[in-house]
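Engineer: test case, fold it:
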Amino acid sequence: MTQETQETQGAPSDAPAASQPPSFLGNPLFMIGAFLLIMYLFLLRPNQRREKERQAMLASLEKGDQVVTTGGICGTIAGVKDKTVVLRVDKDGNVKMEFLRGSISQVIAKAGSAEAESN
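Structural biologist: Numbering: from 1, shown residues only. This next block holds a predicted model:
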């Protein structure tokens, strides 16, 4: 065989080199998985923790607690029902308003600490 026939037929030494597989970090599935993990750790997990703390706060409401509603109304709890709380919003106790438990945004003072401050 002449050199021309070897070139046209493709000599075994001229075969293209086998391509190497992409590295693990270059894999698109790995990058998507890493992104989802980061989203879970930084966005979803803290919200779940805050929601759990809020549910515990709402479950521990009791008569005498000083609270603030999401609307900004400050008052003292005069009564607690299953889904609602009754707030006394003035010092004399003449004005009472009923709110859903979920509308309580924070507890300013618990019943025991409010009594200790007044003494």
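Engineer: what about the helices in the protein?
Structural biologist: For the chain, the helices defined by DSSP state H occupy 3-9, 28-39, 45-59, 111-118.
Engineer: so for Val68, which of these sits nearest?
Structural biologist: Nearest to Val68 among those is helix 45-59 (11.8 Å), distances taken as CB to CB. For the C-beta atoms, the positions are set from N, CA and C on the backbone; glycine is no exception.
Engineer: so what does that closest one touch, helix or strand wise?
Structural biologist: Applying 3 or more CB pairs under 8 Å, 6 or more residues apart in numbering; DSSP states H and E, we find helix 45-59 packed against strand 104-109.
Engineer: so in that sheet, which strands flank the strand it packs on, and in what orientation?
Structural biologist: In the sheet, strand 104-109 lines up against strand 66-69 (antiparallel) (DSSP bridges).
Engineer: mind putting the helices of the chain in TSV, mean pLDDT included?
Structural biologist: Shown next, in TSV, are the helices of the chain (pLDDT from 0 to 100):
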stretch	mean pLDDT
helix 3-9	57
helix 28-39	90
helix 45-59	93
helix 111-118	60
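Engineer: okay, these in CSV with mean neighbour count and distance to Lys83 next?
Structural biologist: CSV is the format used below for the helices of the chain (neighbours: other CB atoms under 10 Å; distance: least, CB to CB, whole Å):
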stretch, mean neighbour count, distance to Lys83
helix 3-9, 10, 86
helix 28-39, 10, 34
helix 45-59, 11, 10
helix 111-118, 11, 20
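Engineer: can you give me the domain assignment for the chain?
Structural biologist: Using automatic domain parsing, the domains assigned to the chain come out as 25-59, 62-118.
Engineer: possible to save those domains as CSV with distance to Ser19?
Structural biologist: Listed next are those as CSV, based on distance: least, CB to CB, whole Å:
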stretch, distance to Ser19
domain 25-59, 13
domain 62-118, 59
